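> I would like the atomic coordinates for the input below:
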Amino acid sequence: MIDARRGVLYPARMPDFHRCPPPGEAAELVEWFWIPQWDIDPGRSSRQHVVAYPALNLVVEGDAVELVGATTAASHRDLTGRGWAVGALLKPAAVAALIEDPAALRDRSRIFDAPDLRDAVVRAMGDGGEQERADAVGAFAAWLVRRVGEPSEVAREANRMAEVLMSDPEIVRAEDAAARLSISLRTLQRLAHRYVGLPPLAMIRRRRLQEAAQRIREHPDTDLATVAAELGYADHAHLTHDFRAVLGFTPTAYRAGAP
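Next up is the predicted model:
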């Protein structure tokens, strides 16, 4: 199971935020649904920093639906005013029915033409209470199941690929994942390209960076060299390089600012 706590760099700064498991048949299509709700004082904003999962998201917000591609760097968003969003962190099996080439959407997003999805989620959300959120997730899940249909065996193999790459700490190379799945390296690479839009190694690196940030955030007294070694980095310097390249700052600087 992918750890839902990873990815958000500064959880204490988040608005009211809910993660909801996918109901029923949508479990093969969605890792989880996420619903932020915010009410920011006039003239102020709240910046949210995220190391996103290497996956696509389908998001309903306001009067639009947006398909967000996998990212290769940290990102942020400035929240203002009052609002909400309902998003689905998509499993690979859902992707093929939504976009032909997910790699073309890497580090990008686009408006997704699905007015029926938008209307169903907006209608269900109402005033955004607990029951309304559950209804919105149910409506979103039902739409995805209808749109995607029964996943193929290849799509299910892509799901297994993502699960291994994003949850198994012993997987530090693409070759490790191919061996675990009993497929060739070339097949692994094709699955990742078609269903995620990123190379397998990029997905592994994102998992390790998320895990490193989580450990530093939750256990600030932990020695950084120990974190690097436990997550498969060659040494502390390689961990620092990944932090700086993706996040723009060092693990030491993050540890100082995370609380």
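> Just list the residues touching residue 61, thanks.
The contact partners of residue 61, taken as CB atoms under 8 Å, 6 or more residues apart in numbering, are 83-86. Quick note: C-beta positions are derived from backbone N, CA and C, even for glycine.
> Apply 10 Å and report the result again.
Going by CB atoms under 10 Å, 6 or more residues apart in numbering, residue 61 touches 36, 83-87, 118, 121-122.
> so what's it bridging to?
Beta-bridge partners for residue 61, by DSSP bridges, are residue 64, residue 85.
> Remind me which helix or strand the residue positioned nearest the centre of the chain belongs to.
Nearest to the geometric centre of the chain sits residue 53, at 3.0 Å (CA atoms, centre = their mean). Secondary-structure assignment from DSSP states H and E places residue 53 in no helical or strand segment.
> that older thread, most neighbours out of the contacts of residue 61, which is it?
Comparing those by number of neighbours (other CB atoms under 10 Å), residue 86 comes first, having 28 neighbours.
> can I assume it is in contact with residue 30?
No. The pair residue 86 / residue 30 is not scored as a contact, 11.5 Å apart, by CB atoms under 10 Å.
> where do the contact lists of those two overlap?
When contacts are counted by CB under 10 Å, 6+ apart, residue 86 and residue 30 have 20, 58, 137, 140 as shared neighbours.
> can you tell me which of those are in helices?
Secondary structure defined by DSSP state H assigns 137, 140 of the shared contacts of residue 86 and residue 30 to helices.
> picking that back up, farthest pair within the contacts of residue 61?
Using CB to CB, the two most remote members of those are 36 and 118, lying 17.1 Å apart.
> Regarding residue 89, what is its secondary structure?
Secondary structure of residue 89, reduced to three states by DSSP: H, G, I helix; E, B strand; the rest coil: strand.
> Please state the backbone phi and psi of the closest residue to it other than its chain neighbours?
Excluding its sequence neighbours, the residue lying closest to residue 89 (CB to CB, 6 or more residues apart in numbering) is residue 31, at 4.4 Å. Geometry field for residue 31 lists phi and psi as phi -70, psi -50, criterion degrees, to the nearest 10.
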